[in-house]
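S.K.: A predicted structure for the sequence below; I have some questions about it.
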Amino acid sequence: MLKERSQLTTEKRNPLSADIDRLSTRQIVALISDEDRKVAPAVARERSRITAGVDIIVEAFHRGGRLFYVGAGTSGRLGVLDASECPPTFGTSPALVQGIIAGGRRALLRSIEGAEDSAAAGAAALRKKRLTPDDVVVGIAACGLTPFVNGAVQHAGQIGARTIFVTCAPEARGHIRADVIINPVVGPEIVTGSTRMKAGTATKLVLNALTTAAMIRVGKVYGNLMVDLKASNRKLRDRAERIVREVTGVSRPRARLLLAKAQGSTKTAILMHWRRLSCKEASRLLNQCGGSLRRACK
């Protein structure tokens, strides 16, 4: 294990911002923007490893497994954020994708120093979730060395669960034990060590790709429409109506009626219209097709 964190890219000083405190506001913003442009290409260079990660997650979902994000600080908050967006976007159970952050719920709102320093605590957090070999664990640590995260990933590997690790420090790769290591190298931060910046942005893009691509592969999207969304508020009810109209060509009143008969299920409403089925019949057909509207419509 690396003993000197100053060796890490994520901890090095950025020569371009060495005198940033002497710049004007416009110059500071321009420098931050210029550095941010390095993020997307760095993530793009990891496409093959992101693809491998997505395939692992899809396999886990098909086995009835779950996805766990494990992180500390910014990394942990990003994992919790991505997990929390899956139910309203893709209609998943909150249990399917879960975020674990060192320090627990309190750490979402304020920093809890020291919470990330225990590898045993990371393993214990997964034991509490009753992790199984069917599950997949994504460790998130910009520096790659966070004990809480590495402890969780090591525990997952020991019980036979598949593991993915997201880090922005190339120096840490040799010390990480995971099935797939996704390593977007974005370089030193504008403010030395402030990995909530470029590293955080790169991590968000990777997590977006992992869950979005996986949900598409398991049939949660039709075309580019989120047909499995849960219409839990006015905005989402309006979106559900627009999706039904977009796919079927029916009027808004008809779309609203279909959704009511389908008990709010967008996919069921669409299938009821296309195949002239009852709600029960459409639901049964979707289940037979693994929830895929594309397959059910053939």
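M.R.: Yep, that arrived. These figures come from a predicted structure and were not determined experimentally. Numbering: from 1, shown residues only.

S.K.: what's the domain layout of this structure?
M.R.: Domains of the chain are assigned by automatic domain parsing as 5-217, 234-296.

S.K.: pLDDT weak spots in the stretch 101-250 of the chain?
M.R.: The stretch 101-250 of the chain contains residues with pLDDT under 70 at 113.

S.K.: Quick one: the helices in it, in order.
M.R.: Along the stretch 101-250 of the chain, the segments classed as helices by DSSP state H, counting those that start in this stretch run 119-128, 147-159, 198-217, 234-248.

S.K.: ok, Asn74 to Gln158 distance?
M.R.: Let me fix one detail, which is that residue 74 is Thr and not Asn. From Thr74 over to Gln158 the distance is 27 Å, taken as CB to CB, to the nearest Å. In this view, the C-beta of every residue, glycine as well, is placed from N, C-alpha and C.

S.K.: the more surrounded of the two?
M.R.: Remark: of Thr74 and Gln158, Thr74 carries more neighbours, 20 against 10, as counted by other CB atoms under 10 Å.

S.K.: isn't there a helix covering that one?
M.R.: Yes. Under DSSP: H, G, I helix; E, B strand; the rest coil, Thr74 falls within a helix.

S.K.: so what's it up against?
M.R.: Counting by CB atoms under 8 Å, 6 or more residues apart in numbering, Thr74 touches 142, 195-196, 199-200, 203.

S.K.: Of all the domains of the chain, which one is nearest Leu225?
M.R.: Leu225 lies closest to domain 234-296 among the domains of the chain, at 5.0 Å (CB to CB).

S.K.: Quick one: end-to-end distance for the closest one.
M.R.: End-to-end distance of domain 234-296 (CA to CA, to the nearest Å): 28 Å.

S.K.: Spit out the contact partners of Leu236.
M.R.: By CB under 8 Å, 6+ apart, Leu236 lies in contact with 88, 229-230.

S.K.: rerun at 6 Å
M.R.: With CB atoms under 6 Å, 6 or more residues apart in numbering as the criterion, the residues that contact Leu236 are Leu229.

S.K.: what's the distance between it and Arg127?
M.R.: 35 Å.

S.K.: ditto for Thr92
M.R.: For Thr92, the distance to Arg127 equals 23 Å [CB to CB].

S.K.: of these two, who's got more company?
M.R.: More neighbours surround Thr92 than the other of Thr92 and Arg127, with 20 against 12 (other CB under 10 Å).

S.K.: isn't the more buried one right next to Cys86, touching?
M.R.: Yes. Under the criterion of CB atoms under 6 Å, Thr92 lies in contact with Cys86, with a separation of 4.8 Å.

S.K.: Dump the helices of the stretch 101-250 of the chain into TSV; add distance to Arg173 as well.
M.R.: Output for those, formatted as TSV (distance: least, CB to CB, whole Å):
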stretch	distance to Arg173
helix 119-128	18
helix 147-159	13
helix 198-217	15
helix 234-248	40
